[in-house]
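**Q** Have a look at this prediction, sequence included:
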Amino acid sequence: MLGDYIPASPPAYSAFYSNSFEGQDHHGGSAILVRRDIPCTSLELDTPLQAVAVKVFMDRPYTVCSLYLPPSVTVERGDLNHLVRDLPSPFILLGDFNGRHPLWGDSSVNPRGVLLASFIEDEGLGVLNTGDVTHFNSPTGTFTAIDISLCSPSALLDFTWRVLPDLYGSDHFPILLEGNRTSGYFPKRPVPWWSPVCTTAVREKRAAFSRLRRNRGDPTLLEDFRRARARARRVLKEARRASWKAYVSSINTKTPLTQVFRRVCKMAGKFSPSSPPVLKVNGIKILDGLTVANTMAEAFAKVSSRDSRPLAVRHELRAKERTVLDFTGNENESYNHIFTLRDLHSALSLSAATLLLGQTTSHMQCYDTWVRKRSHFF
């Protein structure tokens, strides 16, 4: 699927890829996308399998590994064992394994499924699947469970596993792993082009698919789902296009670029939260929030400390600090006088006289006008 081509990362995400290997004539490769507001670091894997691993730092660190096992390739049991033992715990191992077995909810068994079930039992891994199907074969109308979510025993109670009811244009159902801990991340913002017609089209598509799932193999329901899916795609596409045309027609030469950029991001449903700092000290990445804060505090303290200054400057500072300060003075200094409206106008005049033509000057003129109109407050 990827070959030698590395696609660009989607906005607001960091992408990690494991391409298919040379000499393999099948499609494949694994990928992991991590939101930029979540600190993470990639892990090197010594494996011939199509796998990629990333360590993410949330309320606790987790190793996330994405694995793809093509159906036409022989999988060695030793490669699976070596991959799992190479992952720092706690870890989550996810992917399309192309194995069928009742252990994770499939109604049939194939040789790949027997191999995986034995591997899971021997390694003592936890299975997060709840028994729901994860794949839909559109030409045959059959459902299977070939996508497996495994984890180390210590992470088994940290997540809730569920399958979303819509295919979203794929043949695999999206699988959602929700952490059983509180999260402070922002929800996805809605797109401005969504309308009640879009809601109705999507609802009808999901209803048709639900009927098909309850009556698997029914050719009439399969055709109804295909029509509802095609209509939903058409409605969403037309709504997005119409909204974009309406907005473009409202843009003129006075429209600020920031407003245009913000609108484009809303049309695409993008939201880029600020990223927490990730430090690299002596070649080692520091991602834990408390450790990052302490490291930055130590760096600031070192920069502002006396020891960071040249020796001559330190001697001069010591001499200055021995000088006794005299705080007695005349209270009739100019800065102690009452600041009047006349003084404010004088200051504005002097400021305006020293400014060049430009945006700052217009700001000063607006401020001066505002002051003159509100002179009765002074």
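**A** Happy to help now that I have it.

**Q** in the helix or strand hosting Cys198, what's buried?
**A** Per DSSP states H and E: Cys198 is located in helix 196-214. Neighbour-count burial for helix 196-214 flags 198, 201-202, 204-206, 208-209, 211-212 (criterion: 16 or more other Cβ atoms under 10 Å). (Glycine included, C-beta is placed from N, CA and C.)

**Q** Show me how far the very next helix or strand once past that helix is from its chain's centre.
**A** Sequence-wise, the next helix or strand downstream of helix 196-214 (DSSP H and E) is helix 219-250. Distance of helix 219-250 from its chain centroid, counting by Cα atoms, centre = their mean, to the nearest Å, is 27 Å.

**Q** Can you spell out which helices and strands pack onto helix 219-250?
**A** With contacts defined as 3 or more Cβ pairs under 8 Å, 6 or more residues apart in numbering; DSSP states H and E, the packing partners of helix 219-250 are helix 196-214, helix 257-268.

**Q** thinking again about what came up before, can you add pLDDT and distance to Tyr68 and give the buried residues of helix 196-214 back as JSON lines?
**A** Formatted as JSON lines, these follow (pLDDT from 0 to 100; distance: Cβ to Cβ, whole Å):
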{"residue": "Cys198", "pLDDT": "88", "distance to Tyr68": "33"}
{"residue": "Ala201", "pLDDT": "90", "distance to Tyr68": "32"}
{"residue": "Val202", "pLDDT": "88", "distance to Tyr68": "29"}
{"residue": "Glu204", "pLDDT": "90", "distance to Tyr68": "33"}
{"residue": "Lys205", "pLDDT": "89", "distance to Tyr68": "28"}
{"residue": "Arg206", "pLDDT": "86", "distance to Tyr68": "28"}
{"residue": "Ala208", "pLDDT": "88", "distance to Tyr68": "30"}
{"residue": "Phe209", "pLDDT": "86", "distance to Tyr68": "25"}
{"residue": "Arg211", "pLDDT": "84", "distance to Tyr68": "31"}
{"residue": "Leu212", "pLDDT": "85", "distance to Tyr68": "27"}
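
**Q** And the pLDDT for the residue nearest to Asp46 when sequence neighbours are not counted?
**A** Nearest non-adjacent residue to Asp46, counting by Cβ to Cβ, 6 or more residues apart in numbering: Asp86, 6.5 Å away. On the pLDDT scale, Asp86 is placed at 93.

**Q** Likewise for the one 4 residues further on?
**A** Confidence at Pro90, expressed as pLDDT, is 93.
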